[in-house]
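>>> Okay, sequence plus prediction incoming.
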Protein chains: 2
Amino acid sequence: MPRLVMKFGGTSVADMERIRAVAQKVKREVDNGYDVAVVVSAMAGETNKLVGFVRDAAQPPGCDHMGLYDAREYDAIVASGEQVTSGLLALALQEMGVPARSWQGWQIPIRTTSAHGAARIEKIETANLEAKFAEGLHAVVAGFQGLAEDNRIATLGRGGSDTSAVALAAALGAERCDIYTDVDGVYTTDPRIERRAAKLHRISYEEMLELASMGAKVLQTRSVELAMRYKVRLQVLSSFVDAPGTLVCDEEEILEQNVVSGVAYSRDEAKVTLLSVADRPGVAAAIFGPLADAGVNVDMIVQNISEDGRTDMTFSCSMDDLPRARHALEKAAESISYRELVVDDAVAKVSVVGIGMRSHTGVAQKAFQVLANEGVNIKVINTSEIKVSVLIDRKYLELAVQALHAAFDLDKAA
Amino acid sequence: MPRLVMKFGGTSVADMERIRAVAQKVKREVDNGYDVAVVVSAMAGETNKLVGFVRDAAQPPGCDHMGLYDAREYDAIVASGEQVTSGLLALALQEMGVPARSWQGWQIPIRTTSAHGAARIEKIETANLEAKFAEGLHAVVAGFQGLAEDNRIATLGRGGSDTSAVALAAALGAERCDIYTDVDGVYTTDPRIERRAAKLHRISYEEMLELASMGAKVLQTRSVELAMRYKVRLQVLSSFVDAPGTLVCDEEEILEQNVVSGVAYSRDEAKVTLLSVADRPGVAAAIFGPLADAGVNVDMIVQNISEDGRTDMTFSCSMDDLPRARHALEKAAESISYRELVVDDAVAKVSVVGIGMRSHTGVAQKAFQVLANEGVNIKVINTSEIKVSVLIDRKYLELAVQALHAAFDLDKAA
């Protein structure tokens, strides 16, 4: 029988009533003739509660530093949330006459690396699951977790249930992996900023990756990478509205491709400039080495034209990373040798994304013109094969998104 | 190094503050030179919450019957409570500088029967634990659970963490198994009924078993049986008061043995009499067979002297079992053939317990005399080698307990 993986996030399984609604959706696919594996997150709020316990255990009252805690214990504690939901959904399915059982990561097993708290799936052994499919028993799988080499539970990091679902779909050769969430699909842009934003029927993996890494929080980046690599057809759809969602798939499956698929943005950006850096071989390494060591995720990088053997170096990073970036650069001031460190913490990034750009020229030029017409100054530009990103003053964010959305006819998209 | 098993119940680990207090107690024993294995229950209230989820899943709103639910899913759901506590205590110990790690039942593994929801421990494989002891790593073990043959989590039934602790102490050859609870030991009787009740320093397994099965809810009966069988020295002591508790041990360890150790009672008893039953071979089987099939736990049984080939048969059971007992006997009325079924649902059982009775005669006689002096009528008598039990009107319960406690000098016991 064809196989289907369905994944439900925390808000979709927040209480028994919702778990029963999930069971109904699963039953419908079972009735459609699928062998179904459902991947579930913990009930909404549960993971945060458990993480709070861990913090409390690692940082006793009166202690002002956060102790380093054992990620293996964190994993054992936090993974219990999905364990509960998987059992409850199995019971709800049985109650509706659908034969089903729960599977913990260690039972399947889903083998992961030993990087507790942020493990990666290495292999899913599907023989046990498949034997039960053959007996007509559908699977409810605890998401977000697996079994590390040390025979202990490992979690995949926040949002890891999406990754569990895609990996399982790949391992089982599922026809599709349906990710049920609290939005009903992928939109041409954030509907809170542009009310004419349209739901996309289909989008390519590459575009989804750009959108996901740009702050469109529909899917975890890692899960899209995995889907692309194993060609897993991913559908994003709503747990609460009964309508088709957006299919994330290979571009060959997308017949009528718009040049631009969407406008993404990221509000919490910072721009850092090092003025008058010696323009010598190895200076980039001297700057970005310490930043990488400090765990700063550097995004756009621009180097000015050199004058008198000195240049300016600009990069962007998230506001969260800014304090660490500043600290790392001040510590490395001597080895880098710069005159001044200038921070602009009121910028935002806007990106125009579309695989059509590969075959259509002029998209970047058109985007720059649209922004110029609106009087928006561009501070940094970054392009890839399928996207154009610009850093602008944060106060122009809404204006820029709306203008670009209209200019590329996205309110007519679908 | 000598080994010690410590067990903490739900109220002892109800929040992080208490978990830290538990960690302090464990640290003290580690500092005393023990390799420690701590067995923990779920945080108080957590198991009830999880059981409530299971009920809700198995009995949807509007459905007036409780669905039969899959005990394997119940186990996966409910066992998560101990998983959380074990991780938290391990973290709290690490924070205090005590090297420790959590162990789930399936990791050790603690192998159980496949009777999900009420499994029995079959074997504890201690090699993994012992290898970690050798590395200086103390163990925090999730109580109440193990791994069944089907590679799924099995729980031992409510209160099963006591059993986990005793079984672990036996398997590890521990010097002692300390059961920390919300009472500070075993008393000569319930202090709520007799304020002169005294804490016993030591009590034998056999006496503890009689007291436990009689409603003294300090220890789960099964755990005392197991301790007796494997000669595990059990100490019952308080999580909240820093004082020695009561040692439950082999009678050879008890030097100054009182004839009577305690007075136990059970308030919720019912007396059932079948009047004018044919006194023929097989009639007892005809009566108690259907009761056993209905899951009725029959306690005391008395058969009257036969007259004209007919007799009266009386037995006691708990009030909880009474409706099922009545139903079973009415259904079997024809095959048993009795004139009338008479129920007295206002009785209580009082027992005098002591291994000294084996070598001292006259205890039963003295107990009967004490009750007679107080005007308490005895309805049924039952004796064993180390106890005398009587069924009396419930309204005389306090009076009987106090009179017996005084008559056997128990307020001077210890």
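Yep, that arrived.
>>> tell me the SS of A:Glu330?
helix (DSSP: H, G, I helix; E, B strand; the rest coil).
>>> Likewise for A:Val298?
Assigned by three-state DSSP, the conformation of A:Val298 is coil.
>>> residues near it, how many?
Neighbourhood size, A:Val298 [other C-beta atoms under 10 Å in any protein chain shown]: 16. In short, each C-beta sits where N, CA and C put it, glycine included.
>>> what about the closest residue to it other than its chain neighbours, which SS state?
For A:Val298, the nearest residue in space outside its immediate sequence neighbours is A:Phe315; the separation is 5.1 Å by C-beta to C-beta, 6 or more residues apart in numbering or on different chains. Using three-state DSSP, the three-state assignment for A:Phe315 comes out as strand.
>>> wait, what's in contact with A:Phe315?
For A:Phe315, the contacting residues are A:271-272, A:288, A:291, A:298-302, by C-beta atoms under 8 Å, 6 or more residues apart in numbering or on different chains.
>>> Let me know the closest of these to chain B.
Here the nearest of the contacts of A:Phe315 to chain B, counting by C-beta to the nearest C-beta, is A:Leu291; it sits at 31.7 Å.
>>> Buried residues in the helix or strand containing that closest one, which are they?
In this structure, A:Leu291 is located in helix A:283-293 according to DSSP states H and E. Going by neighbour count (16 or more other C-beta atoms under 10 Å in any protein chain shown), the buried part of helix A:283-293 is A:283, A:286-288, A:290-291.
>>> could I get these as TSV with distance to B:Asp70 and pLDDT?
Converted to TSV, the buried residues of helix A:283-293 look like this (distance: C-beta to C-beta, whole Å; pLDDT from 0 to 100):
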residue	distance to B:Asp70	pLDDT
A:Val283	65	86
A:Ala286	62	91
A:Ile287	59	93
A:Phe288	55	93
A:Pro290	56	93
A:Leu291	53	94
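>>> Select, from these, the two members most distant in space.
A:Val283 and A:Leu291 (13.1 Å; C-beta to C-beta).
>>> Up against chain B, what does chain A have?
In this structure, chain A approaches chain B at residues A:16, A:19-20, A:50, A:53-54, A:56-58, A:60, A:67, A:69-70, A:72-74, A:76-77, A:79-81, A:83-84, A:86-88, A:90-92, A:94-95, A:101-102, A:104, A:106-107, A:151-153, judged by C-beta under 8 Å from any C-beta of the partner chain.
>>> Give me the ChimeraX select line for the residues you listed, limited to the buried ones.
Selecting just the buried residues from the residues of chain A next to chain B in ChimeraX takes one command, with 16+ other C-beta under 10 Å as the test:
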select /A:16,19,20,50,53,54,56,57,58,69,70,72,73,74,76,77,79,80,81,83,84,86,87,88,90,91,92,94,95,101,102,104,106,107,152,153
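>>> Pretty sure A:Ser238 sits against A:Asp184.
Yes - the pair A:Ser238 and A:Asp184 qualifies as a contact (C-beta atoms under 8 Å) at a distance of 3.6 Å.
>>> Need the overlap of contacts for the two.
Shared between the contact lists of A:Ser238 and A:Asp184 (criterion: C-beta under 8 Å, 6+ apart) are residues A:Gly245.
>>> Looking at the two, which is more packed in?
In this view A:Ser238 and A:Asp184 are compared by other C-beta under 10 Å, and A:Asp184 has more residues nearby, 19 against 16.
>>> how near is the more buried one to chain B?
Between A:Asp184 and chain B the distance is 27 Å, computed by C-beta to the nearest C-beta, to the nearest Å.
>>> Low-confidence bits of chain A, can you list those?
Within chain A, the ranges that satisfy pLDDT under 70 run A:60-67, A:158, A:213-217, A:413-414.
>>> Any idea which residue of the stretch 151-300 of chain A lies closest to chain B?
Closest contact between the stretch 151-300 of chain A and chain B, by C-beta to the nearest C-beta, is at A:Asn151 (6.1 Å).
>>> Name the helix or strand for that residue, please.
With secondary structure defined by DSSP H and E, A:Asn151 is part of neither a helix nor a strand.
>>> what's near enough to touch the closest residue to it other than its chain neighbours?
Among residues not flanking A:Asn151 along the chain, B:Gln107 sits closest, at 6.1 Å (C-beta to C-beta, 6+ apart). Applying C-beta under 8 Å, 6+ apart, we find B:Gln107 in contact with A:151-152, B:128.
>>> And A:Lys379, by the same measure?
With contact taken as C-beta under 8 Å, 6+ apart, A:Lys379 is in contact with A:271, A:344, A:347, A:390-393.
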